[in-house]
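Engineer: what follows is a protein structure lacking sequence information:
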Ligand code: UDP
């Protein structure tokens, strides 16, 4: 068959966590919308989370399917059903989780052999997939779930080690040879920078960097106009090949798609929508810390007090079950009665994209996960930044100092599991700063401009739209060259 006319078939293999799966499905959809065949490789429990989205994509005529592989929980000593990184809540479980993911090499290889895809698009946290793809003679694209800014930060920290040249964990250092002057402290860095022992995280970090240099290239959920200096730095100074094709969340245009994204929401969608419809534009602040970040009860109480004192209307997402009848220790007495009509608590999973895009929402208190950050940018919202883990402290710098569309709540300590303590007064102050007054208006107008640029990037002719075209063309020519060399 003429290779140029042949439909390209891509394997998508995202890491097993909401913050990776959700954007990967959106990204896969973008490729399918251009006529490519997409197979998503995942485990049974994760497959069930997006089965509705896949069914819907089929009814729209997209060529998308799911190939399920078993997750070896029992073999590595994980509890049965621990197929999502969120469920691995201790260092021991996380080490086992990564051991289990490495055992997916064989079933993945079998699928590649059986279906002979043209390319493997696999999560950055599966560095071993570069070797698997090589074995079968196909390119591996790295599926990045962070920004260019963060990738460049990681790389400059590795190259120049400024954190080793300060005398305490609170003494600020500047990231050397960087496009902008960014100050950080050792306290804000992931623990693999500050521990001298080898853990699964340090090993993973080394393997990820090695795979960066040996893979076909990387795809980013970002857009050029958002971080041109860092996209250029990554490509030209660090010499890596990359395409930016986001914000991928913007492919969810109808309300049903937005509501179904990720997981079944813990609130009736219509109830939430009606509640927001009853509010004035830009009058509600949305508070959510992603799928992983945790706080203890006393911190949740401080958030409640801070929100009430700010006198702003809010939607607050708390990762707690509804406690029917019993006292909820994390809520101040009488809180829900006092804020009735003014504040809505969602216990569990929120339809985040639908909420952020609603005109009543005027601000976002976020843990700075890259997806949430980009979703906030796309919705044109000012943010209160409250980083906890992963590369979230880097994203905070990006939002507050480079984009200047956010205010930091004051978190100082990176944490693998439970976030830094922040007093209610700081929460109240930061929320007011992005919701009320001249400064808030200034931040909001910058955020709105960025939101417009985000939408433009994915429209026909936009930078991300064009970059996706270039990537598909390059994969096509690679396919032709590969086919020729096999003949
Ligand atoms: N999300 C959601 N509802 C929730 C919590 C999170 O829809 O209640 C989505 C959110 O829109 C984002 C993803 O889950 O797409 C979280 O990814 P992010 O990178 O922000 O943070 P992580 O969960 O990886 O820390």
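Structural biologist: Great, that's in hand. Only a predicted model underlies this, so the values are computations on that prediction, with no experimental measurement involved.
Engineer: what's downstream of the helix or strand harbouring residue 122, the next helix or strand?
Structural biologist: Remark: residue 122 resides in strand 119-123, with elements defined by DSSP states H and E. Downstream of strand 119-123, the next assigned helix or strand under DSSP H and E is helix 129-135.
Engineer: if you count neighbours, what's buried in that next one?
Structural biologist: 129-130, 132-133 (16 or more other Cβ atoms under 10 Å). For the C-beta atoms, the positions are set from N, CA and C on the backbone; glycine is no exception.
Engineer: widest-spaced pair of these?
Structural biologist: 130 and 132 (7.4 Å; Cβ to Cβ).
Engineer: picking up where we left off before, for the buried residues of helix 129-135, which one is nearest residue 329?
Structural biologist: Distances from residue 329 to the buried residues of helix 129-135, taken by Cβ to Cβ, are shortest for residue 129, at 43.8 Å.
Engineer: hey, what's the closest residue to the closest one other than its chain neighbours bridged with?
Structural biologist: Ranked by Cβ to Cβ, 6 or more residues apart in numbering and with sequence neighbours excluded, the top spatial neighbour of residue 129 is residue 122, at 3.9 Å. Beta-bridge pairing of residue 122 under DSSP bridges involves residue 13, residue 142.
Engineer: now do the contacts for residue 122.
Structural biologist: Neighbouring residues of residue 122 by Cβ atoms under 8 Å, 6 or more residues apart in numbering: 11-14, 129, 133, 140-143.
Engineer: so can I have TSV of these showing distance to the ligand?
Structural biologist: Output for those, formatted as TSV (distance: Cβ to the nearest ligand atom, whole Å):
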residue	distance to the ligand
11	22
12	16
13	17
14	12
129	20
133	25
140	22
141	20
142	17
143	13
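Engineer: roughly how far does residue 292 sit from the ligand?
Structural biologist: The spacing between residue 292 and the ligand, counted by Cβ to the nearest ligand atom, to the nearest Å, is 4 Å.
Engineer: what is the burial count for that residue?
Structural biologist: Neighbours of residue 292 under the rule other Cβ atoms under 10 Å: 21.
Engineer: count the residues that sit near the nearest residue to residue 376 once chain neighbours are set aside.
Structural biologist: Excluding its sequence neighbours, the residue lying closest to residue 376 (Cβ to Cβ, 6+ apart) is residue 364, at 4.6 Å. The burial count assigned to residue 364 is 27, neighbours taken as other Cβ under 10 Å.
Engineer: now the one 10 residues further on
Structural biologist: Here the count is done by other Cβ under 10 Å, and residue 374 has 23 residues near it.
Engineer: list the contacts of it.
Structural biologist: 147, 221-222, 246-247, 249, 454.
Engineer: among these, which ones are in strands?
Structural biologist: Among those, the subset assigned to strands under DSSP state E is empty.
Engineer: need the max-distance pair from the residues you listed.
Structural biologist: Greatest spatial distance among the contacts of residue 374 (Cβ to Cβ): 147 and 249, at 14.2 Å.
Engineer: ok so, going back, so can I have JSON lines of the buried residues of helix 129-135 showing pLDDT?
Structural biologist: Compiled in JSON lines, the buried residues of helix 129-135 are given as follows (pLDDT from 0 to 100):
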{"residue": "129", "pLDDT": "96"}
{"residue": "130", "pLDDT": "95"}
{"residue": "132", "pLDDT": "96"}
{"residue": "133", "pLDDT": "96"}
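Engineer: of all those, which comes closest to residue 85?
Structural biologist: Taking the buried residues of helix 129-135 together and measuring to residue 85 by Cβ to Cβ, the closest member is residue 129, at 16.7 Å.
Engineer: and the closest one, how far from residue 14?
Structural biologist: 11 Å (Cβ to Cβ, to the nearest Å).
Engineer: give me the common contacts of those two.
Structural biologist: 122-123.
Engineer: read off the pLDDT value for the residue in the stretch 51-200 of the chain that the ligand sits nearest to.
Structural biologist: As assessed by Cβ to the nearest ligand atom, the ligand sits closest to residue 145 within the stretch 51-200 of the chain, at 6.7 Å. Looking at residue 145, its pLDDT reads 94.
Engineer: give the residue spans of this structure that score low on pLDDT.
Structural biologist: Residue ranges of the chain with pLDDT under 70: 1-5, 197, 324-325, 480-487.
Engineer: surely residue 240 meets residue 232?
Structural biologist: No - checked against Cβ atoms under 8 Å, the pair residue 240 and residue 232 is beyond contact range at 11.3 Å.
Engineer: these two: which is more packed in?
Structural biologist: Comparing residue 240 with residue 232 by other Cβ under 10 Å, the one with more neighbours is residue 240, at 19 against 15.
Engineer: spell out which parts of the stretch 351-487 of the chain neighbour the ligand.
Structural biologist: 352-353, 369-372, 375 (Cβ under 6 Å from any ligand atom).
Engineer: biggest separation within the contacts of residue 122, which pair?
Structural biologist: The widest separation within those (Cβ to Cβ) is 15.3 Å, between 14 and 133.
Engineer: tell me, how many residues neighbour residue 365?
Structural biologist: For residue 365, the tally of surrounding residues (other Cβ under 10 Å) stands at 27.
Engineer: do the same with residue 93
Structural biologist: Per other Cβ under 10 Å, the neighbour tally for residue 93 reads 16.
Engineer: identify the residue nearest it in space, chain neighbours excluded?
Structural biologist: Nearest residue to residue 93 in three dimensions, chain neighbours excluded: residue 78, at 6.5 Å (Cβ to Cβ, 6+ apart).
Engineer: centroid residue for the chain?
Structural biologist: residue 371 (3.2 Å; Cα atoms, centre = their mean).
Engineer: pretty sure residue 139 is touching residue 121, no?
Structural biologist: No - the pair residue 139 / residue 121 is not scored as a contact, 9.3 Å apart, by Cβ under 8 Å.
Engineer: between the two, which one's more packed in?
Structural biologist: Counted by other Cβ under 10 Å, residue 139 and residue 121 do not tie: residue 121 has more neighbours, with 28 against 19.
Engineer: distance check, that one against residue 20.
Structural biologist: Noted for residue 121: a distance of 12 Å to residue 20, by Cβ to Cβ.
Engineer: what of residue 425?
Structural biologist: Where residue 20 is concerned, residue 425 sits at a distance of 35 Å (Cβ to Cβ).
Engineer: appreciated, that's everything.
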